[in-house]
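> Okay, structure incoming, though there's no sequence with it:
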């Protein structure tokens, strides 16, 4: 089933005592698995010695007991989960990136995407740098290392580097003695900070990873903030705070994040209930039952039901055993595949007018099959409601929302789409509502309930990009180096 | 998390044309994966040649593309999923059991448990039979084969065998030219029959497997019924129907079966909604939100909410990536494990009186941890409601409901249990209600909405066993041969 | 490279004290790996409890540390290596066969092939027996078990069974308290018996396995002998000794056995030196160097060199890293494959007249490529000498010497073969010499140096079969059930 | 069994037509497997697009059919096998090193070891370079890339780099359009060049890899030579030729190389025969048989036999199935391990005075066990002859000949060693003879039979190092960064 994918989850822990951080990182990565299923990696810093392991696969595939035991104990650890793309040599793109250097080793985990990485890379290559991977992260690690040559500390080097890199980056960086977290000045991706009872400091993409290791959420990093944890305590560098208008990705609330996470002070689950509520207000319909497409449509369905007064029902069952290695039948049998993953509960929908809530429509093919399933199970009407606005523009900040030709909403009107997917009616969440998902945000307020500026990135919906966009044009995405550029590089003798 | 386990899921398909039945069986087994995660197997009959593969592991682990392609096309196929126990030689217990014999090969899949298998086995051994496994299924395959020596057809041999075996058995049997399904005269385990558009006949433990292969449910087999599919069509042998009072396991409705399945004419999802309803009536409470423990507590929670008028909420999130290979931390860290698998959504429960619904309590340790999670997330009160009665007796019919010492309800009163698990109140479903989960069953009716006799096995709750029970006593269960018996066998010179 | 394959290696150990027999069996199986690379298995008897593991693969693939540790300690153990055939369900043919039975469990390992197994199997099936595999071994295990029902001890049951089974069988059998070894009355396959310093009794197909576990060779079992080891000591049952004329397979000396083994009192290495000697006498030639095809042509090459006075050289190097998983290039590139496995040492053969010794010619294609290799490396003449006679007849006693159409010598004269493989001359060992490979055997003597009757099976060369041959005709071999028979079995409804 | 290990095997092929070079490289790496069993890698250049795969494991473990097919066709390919060390993160040290750079991608394979790599690395790091691995190869790839920024072609950059790197390096380098081979000015490691019939140009560490892909050996690269193959043909750059006195490692002839290879015009097999000959002259003894320890003692044993007139025998059999995954028994059972790997052929040695030839003695423990095996098999005397001189000094040029405390000859006299290993006498090859192993080299000549200067590196025997040695002292070896240095790097904040 075609879904939008995000790039990564990051994690870091600094402990006042030597302990088994490999297992801590392992549990945290489980909690962040939804942010990336391509690869996983952990690096443990045991008194200056960096042990690490990273490979393609899910967390439990990459790490067995033996591997975790070898990583073992230490004072600092970082971990990373990476989104699934394909290709034979992707192992070299797995993170953490580990750099061995005379000024101190460094392990670096990155969630996001730079908009000026190609320029930076060319500049670095012209100065004699060589690259082993195709990731932005290697560019960042170079910049920090080179800044480190003339700065007094790693945090100064990091601070200097933030001036040079543009775009989305939530970073967790481990040096021989320090753990450093960085959130880009726009705050595109979430990054929070928590504390364990034993005084350990924890950074993670989402608060659900703090829960997994028994840490209490302290707060999210402010956009532009750098936080350093070392034996001298935790301190914050705010030189880059306030440089830009905050631009947290609204799709984090709608789909990417786990509902049990709290981002920038607002519960993701609650944001989705609100999405459902807004949908009910914006696209009301007479119906008998509201059902969600599991897993991420369920919260919005409950919100829709509560707002509309139409009963909430459990109408689709997801087969929890189907994973990446599932063997799909041939082309002809494609329709069956959705049936195997999702099965309707006939009693819930039979003879009823159904409101069906999903989190998004990408190409429309999956939506069409789901509507058919529900109708075949006896629904008399199917009203499709989408808890996000329509995708109309590519994303340059770390997701794979793709070029226009793959986005159904770029090619068709809502009426056409409703017809194509076989729904009796179709309603998308409005962009304005999408920007009000955080608690307390109203159209007038300008702030959320926690006092944060209520300003978000919804570029994929409204085309308003908070930064310059890469010169290589709309077709250039995520880690994929544009063909012309690649050719220029490889064809030189 | 300690859960009750069932023994198996069975599947069979007879096709009028040669086609790729290996893939059909594969999809069906995915749909039956919840009935057994220890082992899986498929046998394909290609014009009399039996190809089969079975191994320990989940369906997608046992079968890759290469293995399925080798099984390939045929006219008949059977498949099996088996519940997870432990032990080095269990591979030999995987099914289908494939027997090569002069009267025709046979592949046999079994869900259930015989109560007289030890007696039959001793008798067979004394007549010169040898056994490779410790399963009831091998006993059954011997009886059929030996009956086959003096009967005119395999179905006669099967019919004769039903006289000799007592207990729970839903069987799917493949001969060189026929597919045969058998449900024991008590009907302990479900077994249904469906039809594809191309005329293929399908048997499966649950109707959700029919959905997976695009078959329409025709009906469940009646208790005692034998159905034969071959080129002459489908015919039913009812010699054993009506021999016993029907005794479908009520725990199929409560926990074992998938909510999108329909068993004996009643929707499992609806049965669980009813369980929640009954619970609300039997154990009402003043509260602010009703939440279910995923996955199987969700339906009952919705039923409770609807009946009571207390809002339904999503309060616990299950990490969908945690599978069998998850590495648990040491003994000390046990509490963390539940946290990693289940995480509360604080916004749903914070400052609220919570009704928490789970499908069962076995030892109580998991329940205690979940209550603590919800309380730590801010719930002011936690009222635990269980959508099944309390387990008080072992099961001899194919589940691992164990001896009394492991069942918390055998040792403690409800008040004690509530205190032990930290709940403000505790309520179990009554046994009477448990027997009224099927549609239309009332305490007076005697029939369900489909006209079936409303008589069920609830022996694990009420101790009323529909059959004699094994002489070897209450401690003897499921495939585990009692120690004395094993010694008698192995110590003989 | 096309080679003749043997069926199996067997091993058993009885220890007066409980010790880690799993590892002992593992080392022994390594030493017997050359007798079978398809599958391996070990069963350990720990005070009546049988733990076992068997699977497809080489010994080191089937058994890792974890698996061996689970098998663990015990008083008796048996092990088996099996020759490589193909097919998806072969795992069920792996040995030891483990039978659970009221008269005591039994594990059985078999090397050889029965000539009346189909008849016995039909008889057993008609009496109600069912079969899970297609092996002779399952037939034997049935006969022993059934005999056991009316005999006072397992050894009596075994003794009675020897009356019923005809053909080649070297068996090692483990009961709850005894270890029993049986060599068929013809003595087709080797089976020896040794003793460790701690009093452990060891049986193995070849003496090299005794060396591997630190046991001293006591002697070979006599044809027809049954030896029992238990707490009462070691005793021999000789009821079947002398029933037949001894018929050890001469190809054991020529190719199957390891050169460091001693069979029936004669060193295999020495037998091969003698083969080379005889060859030099029977097919003398003027040449500059004698080289052998590694590994099994080396000993005969040295014998040829010594007898002829022509210098021995090392002329072909075998790549020791090429195993079963080596990926061969497409059909066109076949010639390369031999080059990758074998490479000539040019300095040894350049400008020289070369005598090239190999142990056999089957289809001739490999021989042709090797001759070409040597010639391309600069040899001026290549005289091919084969340390066995020409294969002219199928074998029914446990090897895969195949039907006549695959044997080049059945279709062509020696001159034609020499031309086909590109040799300047060709000489086979005479059948008479093949029967004089054991120490001290002369054409007149009738006895070898150890006083054994000098009588051997050379049926594959001379067509003189020591037993009746299967009615199913020359095309019926080795575990492969004839098609007609299979159809009769599977097509019955 | 403790053996000296070499670092690597390298391979490269340039083809005039696009073809399946992945398979070519695969076969070549099989032939070079003996030079490194830790890791393997292949990179294929398909019109500028570099596809590569590398991992820990043997060639056949790293590359399955699927992986090779993905690498696919191209015009240029390089491959590498790497010597086995241990450690969790070694995968990042696998080769080829693939560098993506604006001036063109590059893949680099290296056999050898630099003596100034730490100095170079520090210098590079101080200029802002970062390192992902701990290999010399990454240092070299940096130097070439940086030189490339100001040179007109990759070969000029390579030529410039040769000025900066000191020590042993045989390199194969692939650019988008060229294949370049480099042998260091001392010629420590072999590197040869061949041609296929289709015009493909092949470079490899040893000529046996040319044989494997059907290429004819043209010649070895001269020390200091750079050879470039591209569409304009093959051309040689000799700027660095003659800079140093040739210093081919004599241990290549004695042990590292495959006997079917020809290095610098001399056959390795013949060199080993000569080693045996010299040994017979230098350490004559009265004996009945000469046997070699397989595999690499066999050639020298034959040479000794021929020179001495004592018959050559096959006295030890190596179990060919024992690979890396073999599970060794506990410490106590160590003696057994040698028995399982090597078994004496009693008939060869029983009652005889035996000359036993091995290629080297490192710690002496293995030698002691082998002598015991032979003696236990009945040898009356065992005279140990070693076809190399005694190791007295560490090697800095790409082998793991270790610090003095692990070299038995540094601590003990020959008499002591003979006693320790249980031999009746002991003789090492003289260093002078070791330098005369190539064809035609006599003590006076100064040239070998091919006209090459007869000058070799025997530093591990005589302590005469052809280059400066690393400042970090004798304990610094092979890829292992010295502890102080590592600490300096990692402890900086």
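That came through, no problem. Keep in mind the model is a prediction, meaning the values are calculated, not measured.

> residues near the residue of chain A found nearest chain C, how many?
Here chain A gets closest to chain C at one residue, residue A:66, 10.8 Å apart by Cβ to the nearest Cβ. From N, CA and C alone the C-beta is placed, and that goes for glycine too. Burial measure for residue A:66: 9 neighbouring residues, criterion other Cβ atoms under 10 Å in any protein chain shown.

> and the helix or strand encompassing it with chain B, contact?
Under the criterion of DSSP states H and E, residue A:66 resides in helix A:65-71. Yes: among the residues of helix A:65-71, A:65, A:68 lie within reach of chain B under Cβ under 8 Å from any Cβ of the partner chain.

> Show me what that helix is packed against.
In terms of contacts (3 or more Cβ pairs under 8 Å, 6 or more residues apart in numbering or on different chains; DSSP states H and E), helix A:65-71 is packed against helix A:21-31, strand A:49-56.

> Could you list the paired strands of the last one along with their orientation?
This means strand A:49-56. The pairing partners recorded for strand A:49-56 under DSSP bridges are strand A:39-46 (antiparallel).

> Would you state the helices of the stretch 301-450 of chain A in chain order?
With helices called from DSSP state H, counting those that start in this stretch, the stretch 301-450 of chain A shows them at A:334-341, A:346-349, A:365-376, A:408-411, A:414-421, A:431-434.

> what's the weakest-modelled helix or strand in chain A?
Using mean pLDDT, DSSP states H and E, the weakest-scoring helix or strand in chain A turns out to be helix A:483-491, at a mean of 48.

> Residue A:231: neighbour count?
Close neighbours of residue A:231, defined as other Cβ under 10 Å, add up to 9.

> Run the angle between the one helix or strand residue A:113 maps to and strand A:49-56 for me.
Assessed by DSSP H and E, residue A:113 sits inside strand A:106-114. Strand A:106-114 runs at 40 degrees relative to strand A:49-56, counting by axes from the mean of the first three to the mean of the last three Cα atoms, to 10 degrees.

> Mind giving me the packing neighbours of strand A:106-114?
Strand A:106-114 sits against strand A:8-19, strand A:39-46, strand A:74-82, strand A:97-99, helix A:136-148, strand A:167-174, with contacts defined as 3+ Cβ pairs under 8 Å, 6+ apart.

> ok, and which of these has the densest surroundings?
With neighbours defined as mean count of other Cβ atoms under 10 Å in any protein chain shown, those peak in mean count at strand A:74-82, which reaches a mean of 30.

> And chain D, is it touching that?
No: with Cβ under 8 Å from any Cβ as the criterion, chain D is not reached by strand A:74-82; the gap is at least 12.1 Å.

> Show me what from the stretch 1-150 of chain A comes close to chain D.
When proximity is defined by Cβ under 8 Å from any Cβ, the stretch 1-150 of chain A lies next to chain D at A:48-53, A:67, A:70-71, A:88-89, A:92, A:97-105, A:121-122, A:125-134, A:141-142, A:145-146, A:149.

> picking up where we left off before, of the helices and strands packed on helix A:65-71, flag the one that's most buried.
Mean neighbour count, computed with mean count of other Cβ under 10 Å, is highest for helix A:21-31 among these, reaching a mean of 28.

> tell me the average confidence for that helix?
Averaged across helix A:21-31, pLDDT comes to 94.

> related to what we said a few turns ago, out of the helices and strands packed on strand A:106-114, flag the one nearest residue B:367.
strand A:8-19 (30.0 Å; Cβ to Cβ).

> Quick check: neighbours of that closest one in the sheet, parallel or antiparallel?
Each strand that pairs with strand A:8-19, with its direction, by DSSP bridges: strand A:74-82 (antiparallel), strand A:201-204 (antiparallel).

> Rebuild these as TSV, extending it with mean pLDDT.
Formatted as TSV, the strands paired with strand A:8-19 follow (pLDDT from 0 to 100):
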stretch	mean pLDDT
strand A:74-82	96
strand A:201-204	98
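
> These: which one's closest to residue A:421?
Using Cβ to Cβ as the measure, strand A:74-82 is the one of those that comes nearest residue A:421, at 31.4 Å.

> could you give the angle of the closest one to helix A:136-148?
On the basis of the same axes, to 10 degrees, strand A:74-82 is oriented at 140 degrees to helix A:136-148.

> Could you give the separation of strand A:74-82 from the chain centroid?
The chain centroid and the centroid of strand A:74-82 are separated by 18 Å under Cα atoms, centre = their mean, to the nearest Å.

> domain assignment for chain A?
Taking automatic domain parsing as the criterion, chain A consists of the domains A:8-244, A:267-462.

> Most tightly packed of those domains?
domain A:8-244 (a mean of 22).

> Compute the first-to-last residue distance for that one.
End-to-end distance for domain A:8-244, by Cα to Cα, to the nearest Å: 23 Å.

> and residue A:216, backbone torsions?
Here the main-chain torsion angles of residue A:216 (degrees, to the nearest 10) amount to phi -100, psi 140.

> Where does pLDDT dip in the stretch 1-150 of chain A?
Across the stretch 1-150 of chain A, the ranges flagged by pLDDT under 70 are A:1-6, A:84-91.

> Going by proximity to chain B, name the top residue of it.
Scanning the stretch 1-150 of chain A for proximity to chain B using Cβ to the nearest Cβ identifies residue A:33 as nearest, at 4.3 Å.

> Contacts only, for residue A:282.
Taking Cβ atoms under 8 Å, 6 or more residues apart in numbering or on different chains as the criterion, residue A:282 is in contact with A:427, A:429-430, A:433.

> Could you save these as TSV and add columns showing distance to chain B and pLDDT?
As requested, the contacts of residue A:282 are exported to TSV (distance: Cβ to the nearest Cβ, whole Å; pLDDT from 0 to 100):
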residue	distance to chain B	pLDDT
A:427	22	98
A:429	19	98
A:430	23	97
A:433	19	96
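
> residues in contact with residue A:237?
So, once contact is read as Cβ under 8 Å, 6+ apart, residue A:237 ends up touching A:155, A:159, A:225-228.

> Turn the helices and strands packed on helix A:65-71 into CSV, including distance to residue D:338.
Shown next, in CSV, are the helices and strands packed on helix A:65-71 (distance: least, Cβ to Cβ, whole Å):
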stretch, distance to residue D:338
helix A:21-31, 37
strand A:49-56, 34
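
> Just tell me which of these ends up closest to residue B:191.
Relative to residue B:191, the nearest member of the helices and strands packed on helix A:65-71 by Cβ to Cβ is helix A:21-31, separated by 37.6 Å.

> so the closest one versus strand A:74-82, what angle?
Orientation of helix A:21-31 against strand A:74-82 (the same axes, to 10 degrees) gives an angle of 30 degrees.

> Could you pull up the residues touching residue A:74?
A:15, A:18-19, A:21-22, A:44-47, A:51.

> and with 10 Å instead?
Applying Cβ atoms under 10 Å, 6 or more residues apart in numbering or on different chains, one finds that residue A:74 lies in contact with A:13, A:15, A:18-22, A:25, A:43-51, A:174.

> For it, name its beta-bridge partners.
The residues listed as beta-bridge partners of residue A:74 by DSSP bridges are residue A:19.

> how near is it to residue A:49?
8 Å (Cβ to Cβ, to the nearest Å).

> How about residue A:305: what's its closest non-neighbour residue?
Of all residues beyond its chain neighbours, the one nearest residue A:305 is residue A:312 (3.7 Å), with distances taken as Cβ to Cβ, 6 or more residues apart in numbering or on different chains.

> Cool, thanks, signing off.
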